[in-house]
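A.B. asks: sequence first, then the predicted structure:
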Amino acid sequence: MQHKNLAVRLSELVQKLGGELRGADVLVSRLAPLDDSDCESITFLSNPKLKSQLAQTQAAAVIVTAADADNLSLPCIVTNDPYLYFARVGQLFHPLPVAVPGIHPTAVVADDAQIDPSVEIGPNVVVEAGARIGARTILKAACIIGAGVEIGGDCLFYPRVTVYSDCVIGSRVIVHAGAVIGSDGFGNAWARDHWEKIPQIGRAVIGDDVEIGANTTIDRGALGDTVIASGARLDNMIQIGHNVEIGRFTAIAACSGIAGSTKIGAGCLIGGGVGMSGHLKIADRVVVLGGSNVPSSIEEPGVYGGSVTPIMPQAVWRRNAVHYSHLDQLVKRVRELEKKIGTAENETGSKV
Amino acid sequence: MQHKNLAVRLSELVQKLGGELRGADVLVSRLAPLDDSDCESITFLSNPKLKSQLAQTQAAAVIVTAADADNLSLPCIVTNDPYLYFARVGQLFHPLPVAVPGIHPTAVVADDAQIDPSVEIGPNVVVEAGARIGARTILKAACIIGAGVEIGGDCLFYPRVTVYSDCVIGSRVIVHAGAVIGSDGFGNAWARDHWEKIPQIGRAVIGDDVEIGANTTIDRGALGDTVIASGARLDNMIQIGHNVEIGRFTAIAACSGIAGSTKIGAGCLIGGGVGMSGHLKIADRVVVLGGSNVPSSIEEPGVYGGSVTPIMPQAVWRRNAVHYSHLDQLVKRVRELEKKIGTAENETGSKV
Amino acid sequence: MQHKNLAVRLSELVQKLGGELRGADVLVSRLAPLDDSDCESITFLSNPKLKSQLAQTQAAAVIVTAADADNLSLPCIVTNDPYLYFARVGQLFHPLPVAVPGIHPTAVVADDAQIDPSVEIGPNVVVEAGARIGARTILKAACIIGAGVEIGGDCLFYPRVTVYSDCVIGSRVIVHAGAVIGSDGFGNAWARDHWEKIPQIGRAVIGDDVEIGANTTIDRGALGDTVIASGARLDNMIQIGHNVEIGRFTAIAACSGIAGSTKIGAGCLIGGGVGMSGHLKIADRVVVLGGSNVPSSIEEPGVYGGSVTPIMPQAVWRRNAVHYSHLDQLVKRVRELEKKIGTAENETGSKV
């Protein structure tokens, strides 16, 4: 369900967002996918596989590349990157909420907190001593902002975000419900017959223009800081261990966990459900496929996978899985056979 | 620890729930497992492996199949499905809480929210503008219900559930603490030197009779809706991506993640810790074993596994794991050997 | 960023914590890592690999073993376990917060709850009927304590912890933000055409000196209890299923999930992202490497791994992964080759 937007002409979109208008200057008021659009919708084509749907679409207009615009009877906006253009039309139709300045009477705000007068603070929010919150930031219901926390301007915190004391968050940061920023890292020293807690005295430091998903947890540093660089994107239910560093514009999909002190470079794409060991170094522009475990550092940009096998009928899986724990033996058996009958590898060897 | 229930006679249970009473019409007041029961307990036997425990049980009565009832000296209720019967006795002894109508004075409820007078709203709950909540629904402490949300009747929301604006939830839905429904999906378009957010303007739509576990997150659709069909069961800490569809009566165990736009059929059983890629189609009545990655669609009903290997001593694991990345080479070496000495496969080939 | 501590002399540390002072009795006021310390810092060396950094460190003093103290010009404290000693210096410099007795006026506390007068209860906390909270415990903002819950003394609950009714928590327990204790286990009985809920009537019982991470979920028992024994350590975002038992001093890293009724022994170390099936028995002193799936019980102490493969470039991964589902066939082909040419295995066989 979408709220009804004001209708705009394609020419207005082109004026604001660029691109080239071809065909009638129709009115559109709704974003829609190719296969579920109506006469008020604007849609887009970025995946060539879906080109066949273009003929059937009920949309009023479509955003396409020049290549796809040829022979198109529908009104269209031509642009190099239809997906990005569509995102921007979406931002026009559905802008982020604007702060309604004021502190809800049920909020509990420390006397010495420095809250910009343009900030919107929702019901049951708690802001502890010495916290500072920048202009036009919105804290929705029940957010808890610890003592000494700094939050920049134009941020949007959905309900129930918790920020532990002394953490730092940049500007234009979006944090979704239930996320926890700055919880203690997992530091324990074994003392002969019990664990002793290692105080976690660093911070979590989040740059500008970061988005953090629902129920994601970001631990503070043990000593030094945990750092999420500007422009990064974290999906839901991600765990970031203490002293991890996530590079600029790196995006991590849901359910991934990054163990302590691992440094991920800039511009990386980490799939969902990825588990990374601690103390690794991941180069810039590394892509890790969803479900992979990363037990060692990755030094070169590129696309990487591991641990994920095909999905198999149970009987096939069981029959195969049993051999996983005897692979080494199998390799030895093959080597033995090769020795006996002199295959290419051995022959090559004998030529040396 | 259980609260003491009123004692009931086996004949009363049979009258209410069916089944056949054999032996003395004793009183029972407590549910218990076979191996930890006392003279006030009723227990059950559904797993034939545990039949030997029947001789030693201290229970006052037991729920069994006809086959297991023979030669049993204990009072018993005979039924086709002792596990289900036990569940129903449990529901009798421990019914869901009944709404105590009223809005706690600390709750913050928008003037135009439509709250049925029979609804129970706990402390610090927030209900935003235009939300509608059906008869006898209970919202426990600190739930946050966004603007325009619709919730049916007889629901039970445990503390701190957050529902983003415009989502729709059916009747008789149970949601556990910390769950987030309708958070933004992970949609980002790369704009040459930064990410731009793709507005997530669909909804999360939850059917009737659904149960959603603690800290589970369900994203709203990007365009169109994310749908959890009636009768589905989601355990704790599950991530449901945008535009996912979960079929009727499908049950998913904890820690699983379903990436965007994947459609899971009806009557599926998805184990714990399963990771599914995006844009897949999973047929009805598919069972996926816990821990599996599902990188591709599954078109036929059946039981499937993958990615999980036996657990091995570290040295064995390490010795074997190293070969995982040379499997292709190993297969080639075997093929080479086969060529040299002409095994069955080659012989078959030569017959063609 | 650290708050400035009072400076202390090394001799004072030795007096309080033991160890032997060598060199000048300097003042230190800050904990720091070897490679990021200044003239007010005390650091430590526990990893021999970092010994080379000792020469360059700017620290005022260092905690070392006797072996590493030789030839060291820097003032040092000599001890058998520098890491543990460092943890204790950390506890001196950064002690846990001390309860400021009192109930915040926004808290909602049931009349019959038994709250020790020394307890600190933060804003928007809810304590339901019959709950009991021991001396000096701190409940930070928005914690929800269910009816009949018992919490010991000297606990520290960070914001938004939820404890369901009737659960029991020991003394000196630390629980981080968003954790949920005592939610319903995942119990469903199939009733021909729908699921019926199996009431979860056990408790979650947490021992003394336990730490529980952010957004971790611990289900109550179905019948009987879920038990986390004293001294255990659970990191963030861990799922503990119903009737699980975690032994004393067992530590589990983030993102792991333990399915229902599994019993883990004492002194175990479970890595991050580990998935354990239900109804398993894990012996005492078992170490499971991060990312492993544990599909079967482990009967002997030791270090175990599984399921994790090396991370590979995508093309290599894909080329190898395809063979995973044909391993059984490969083994048969090797056996066939061995039969044909009579390798060691067959020869051994022929001797029998």
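C.D. replies: Happy to help now that I have it. All values reported here derive from a predicted model rather than from experimental measurement. Numbering: from 1, shown residues only, chains lettered A, B, ... in the order given.

A.B. asks: please enumerate the helices of chain A.
C.D. replies: A:10-17, A:53-56, A:66-69, A:82-93, A:314-324, A:327-341, A:344-351 (DSSP state H).

A.B. asks: tell me which of those helices sits most buried.
C.D. replies: helix A:82-93 (a mean of 21; mean count of other C-beta atoms under 10 Å in any protein chain shown). C-beta coordinates here come from the backbone N, C-alpha and C atoms, glycine included.

A.B. asks: tell me which strands and helices it is in contact with?
C.D. replies: helix A:10-17, strand A:30-31, strand A:41-44, strand A:61-64, strand B:188-190, strand B:195-197 (3 or more C-beta pairs under 8 Å, 6 or more residues apart in numbering or on different chains; DSSP states H and E).

A.B. asks: let's see it at 10 Å
C.D. replies: Here helix A:82-93 touches strand A:8-9, helix A:10-17, strand A:30-31, strand A:41-44, strand A:61-64, strand A:76-78, strand B:188-190, strand B:195-197, going by 3 or more C-beta pairs under 10 Å, 6 or more residues apart in numbering or on different chains; DSSP states H and E.

A.B. asks: who does A:M276 bridge with?
C.D. replies: Beta-bridge pairing of A:M276 under DSSP bridges involves A:I258, A:V294.

A.B. asks: next up, the contacts around it.
C.D. replies: By C-beta atoms under 10 Å, 6 or more residues apart in numbering or on different chains, the contact set of A:M276 is A:241, A:244, A:252, A:256-259, A:262, A:264, A:270, A:282, A:288, A:292-298, C:272-273, C:290-291, C:311.

A.B. asks: tell me how far the closest residue to A:A321 other than its chain neighbours lies from C:G302.
C.D. replies: Counting by C-beta to C-beta, 6 or more residues apart in numbering or on different chains, the nearest residue to A:A321 once its immediate chain neighbours are dropped is B:T309, at 5.6 Å. Here B:T309 is placed at a distance of 17 Å from C:G302 (C-beta to C-beta, to the nearest Å).

A.B. asks: neighbour count winner among the two?
C.D. replies: Neighbour tally, B:T309 and C:G302, criterion other C-beta atoms under 10 Å in any protein chain shown: the higher count belongs to B:T309, 28 against 14.

A.B. asks: now that that one has come up, it's in contact with A:R318, right?
C.D. replies: No. B:T309 is beyond contact range of A:R318, at 11.1 Å (criterion: C-beta atoms under 10 Å).

A.B. asks: report the contact partners of A:D111.
C.D. replies: Contacts here follow C-beta under 10 Å, 6+ apart; on that basis A:D111 touches A:A129.

A.B. asks: what does the pLDDT read for it?
C.D. replies: For A:D111, the model assigns a pLDDT of 98.

A.B. asks: any low-confidence regions in chain A?
C.D. replies: A:1-5, A:343-352 (pLDDT under 70).

A.B. asks: name all residues that make contact with A:W317.
C.D. replies: Residues in contact with A:W317, defined by C-beta under 10 Å, 6+ apart, are A:309-311, B:289, B:292, B:303-308, C:324-325.

A.B. asks: hmm, I typed the wrong one, I wanted A:M237.
C.D. replies: A:178-179, A:213-217, A:254-257, A:272-273, B:180, B:215-217, B:237-239, B:255, B:257, C:215, C:237, C:255.

A.B. asks: on that earlier part again, can you redo the helices of chain A as a markdown table with distance to B:R333?
C.D. replies: Below are the helices of chain A laid out as a markdown table (distance: least, C-beta to C-beta, whole Å):
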| stretch | distance to B:R333 |
| --- | --- |
| helix A:10-17 | 57 |
| helix A:53-56 | 47 |
| helix A:66-69 | 46 |
| helix A:82-93 | 45 |
| helix A:314-324 | 16 |
| helix A:327-341 | 5 |
| helix A:344-351 | 7 |
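
A.B. asks: so which of those helices is nearest A:I228?
C.D. replies: Among the helices of chain A, helix A:82-93 comes nearest to A:I228, with 22.0 Å by C-beta to C-beta.

A.B. asks: could you dump that closest one to PDB, C-alpha only?
C.D. replies: What follows is helix A:82-93, C-alpha atoms only, in PDB (Å, rounded to 0.1, in the frame of the first residue of the first chain):
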ATOM      1  CA  PRO A  82      17.400   3.300 -14.800                       C
ATOM      2  CA  TYR A  83      17.700   1.600 -11.300                       C
ATOM      3  CA  LEU A  84      19.400   4.700  -9.800                       C
ATOM      4  CA  TYR A  85      17.000   7.000 -11.600                       C
ATOM      5  CA  PHE A  86      14.100   5.000 -10.200                       C
ATOM      6  CA  ALA A  87      15.600   5.300  -6.700                       C
ATOM      7  CA  ARG A  88      15.600   9.000  -7.100                       C
ATOM      8  CA  VAL A  89      12.000   9.200  -8.300                       C
ATOM      9  CA  GLY A  90      11.200   7.100  -5.200                       C
ATOM     10  CA  GLN A  91      13.000   9.700  -3.000                       C
ATOM     11  CA  LEU A  92      10.900  12.400  -4.600                       C
ATOM     12  CA  PHE A  93       7.700  10.600  -4.100                       C
END
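
A.B. asks: hmm, back to that, got a quick PyMOL command for the buried subset of the contacts of A:W317?
C.D. replies: Entered in PyMOL, the line below selects the buried ones among those, by 16 or more other C-beta atoms under 10 Å in any protein chain shown:
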select buried, (chain A and resi 309+310+311) or (chain B and resi 289+292+304+305+306+307+308) or (chain C and resi 324+325)
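
A.B. asks: now for A:L156, how many residues are close by?
C.D. replies: Neighbour number of A:L156 under other C-beta under 10 Å is 20.

A.B. asks: is it in a bridge, and if so with what?
C.D. replies: A:I138, A:I174.

A.B. asks: how near is it to chain C?
C.D. replies: Distance, A:L156 to chain C, by C-beta to the nearest C-beta, to the nearest Å: 19 Å.

A.B. asks: hmm, that residue is touching A:V119, no?
C.D. replies: No. Between A:L156 and A:V119 there is no contact under C-beta under 10 Å: 11.5 Å.

A.B. asks: quickly list what's touching both of these two.
C.D. replies: Common neighbours of A:L156 and A:V119 (C-beta under 10 Å, 6+ apart) are A:99, A:136-139.

A.B. asks: name the member of the residues you listed with the most neighbours.
C.D. replies: A:L139 (30 neighbours).

A.B. asks: domains in chain A, by residue range?
C.D. replies: A:8-93, A:102-304, A:314-351 (automatic domain parsing).

A.B. asks: between the two ends of the first one, how far is it?
C.D. replies: By C-alpha to C-alpha, to the nearest Å, the extent of domain A:8-93 from end to end equals 9 Å.

A.B. asks: same check on the second one?
C.D. replies: Counting by C-alpha to C-alpha, you get 48 Å between the two ends of domain A:102-304.

A.B. asks: what's near enough to touch the nearest residue to A:F249 once chain neighbours are set aside?
C.D. replies: Excluding its sequence neighbours, the residue lying closest to A:F249 (C-beta to C-beta, 6+ apart) is A:G231, at 4.3 Å. A:G231 makes contacts with A:170, A:172, A:207-211, A:247-251, A:266-267, B:193-195, as judged by C-beta under 10 Å, 6+ apart.
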